[in-house]
Each structure stands twice: as C-alpha cells, then as structure tokens.
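Asker: have a look at this prediction, sequence included:
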Amino acid sequence: MADFFENLVFSPDDVITFPDGIPGFENHTRFVIVPMPQCEPFSWLACVDGVNLRFAIINPLIFIPDYSPKISKEQLAELKIKDIHDLVLYTIVTIGRNPVESTVNLAGPIVFNKSARIGKQALIEDERYSTQDPIIRKSN
C-alpha cells in the first residue's frame, strides 16, 4: 500500500485545506481523500505536504444512521458553509489488530466544505460520542 501513496496522482482541485491542520498535526494542512475500492467503506485522508501522513476514515452514517454531532455555528463559519449540502462528514478510524477491535472517533469528526475545499476536525462536546467508539456494535 505504501507504493500506492508514493505514486498518488491528484489535481489541485482535489486538495482540501485544513487551515489549522488536524490536532496533533497542525503543520500539515493539505489533504486529499483517497477512496480505495478494495477497502470499502473506508477511505484515506492523505496529506500531500510531502510527508507520509494518512488517516483511515469512514462516513459514520454507514454504521450509525442517527449520528448527529452538534457542530457549532463558529465551526461552520470557519468552513464557509453557505449550503448544508456542501458539508461532508467523515470520522477517523483506529484499525485494531483484530478488526472487531477497530474504533472510530465520533467526538472529533472530520468536516469539510466540498465547494470551498476547506476542512477541519471539529471537536464535539457531546456525551453520546467518544474518541473510541466501536465500529462493530454488539447486538442486544
């Protein structure tokens, strides 16, 4: 998979700028979303600033249809959201050795404006969500 990212081809229109970076990686601000059909429904958020930095991501609505993080007006303003249809939502995945142990950060969704190509990791204060929610949920 490393070779795939080394030879990643993208256009300037594919780049999403994270003006503040991602918490812990503030100096890296330019990313692209890389879909990988063999890994669906997962994709990669790959940094294009000349470093080997990427995050596994997923649309959380796939496994939690009622996921509804409260993104503040200030956060939406930073993204220059004018039309709610421009808002795209992903969450970062931590892949466990055993796939059943994989978790997702529902308290820090990746949100971006698909028209303006501006993104951020929104930090959500909501007790319903944590930084390590299991992707595979046990049935009751």
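Answerer: Noted; the coordinates are in hand. Everything quoted here is computed from the prediction, not taken from an experiment.

Asker: now do the strands in this structure.
Answerer: 16-17, 30-35, 43-47, 54-58, 87-94, 103-104, 110-113, 118-121, 133-134 (DSSP state E).

Asker: out of those strands, which comes closest to Ile71?
Answerer: With Cβ to Cβ, the closest approach to Ile71 among the strands of the chain belongs to strand 110-113: 6.2 Å. C-beta coordinates here come from the backbone N, C-alpha and C atoms, glycine included.

Asker: against Tyr129, how distant is the closest residue to Val111 other than its chain neighbours?
Answerer: Excluding the flanking residues, the one nearest Val111 by Cβ to Cβ, 6 or more residues apart in numbering is Ala122, at 5.1 Å. According to Cβ to Cβ, to the nearest Å, Ala122 and Tyr129 sit 11 Å apart.

Asker: before we move on, back to that, just the pLDDT for the residue nearest to Val111.
Answerer: pLDDT, Ala122: 95.

Asker: any idea how far it lies from Leu8?
Answerer: Taking Cβ to Cβ, one finds Ala122 at 26 Å from Leu8.

Asker: who's more crowded, those two?
Answerer: The residue with more neighbours, out of Ala122 and Leu8, is Ala122; 20 against 14, by other Cβ atoms under 10 Å.

Asker: would you check that that one makes contact with Pro69?
Answerer: Yes - counting by Cβ atoms under 8 Å, Ala122 does reach Pro69; the two are 6.9 Å apart.

Asker: what touches both of these two?
Answerer: Pro109 (Cβ atoms under 8 Å, 6 or more residues apart in numbering).

Asker: where in the protein is pLDDT low?
Answerer: 1-6, 137-140 (pLDDT under 70).

Asker: now do the helices in it.
Answerer: 2-6, 73-78 (DSSP state H).

Asker: need the residues that contact the longest one.
Answerer: Meaning helix 73-78. Applying Cβ under 8 Å, 6+ apart, the set of residues contacting helix 73-78 from outside is 19, 87, 111, 118, 120, 122.
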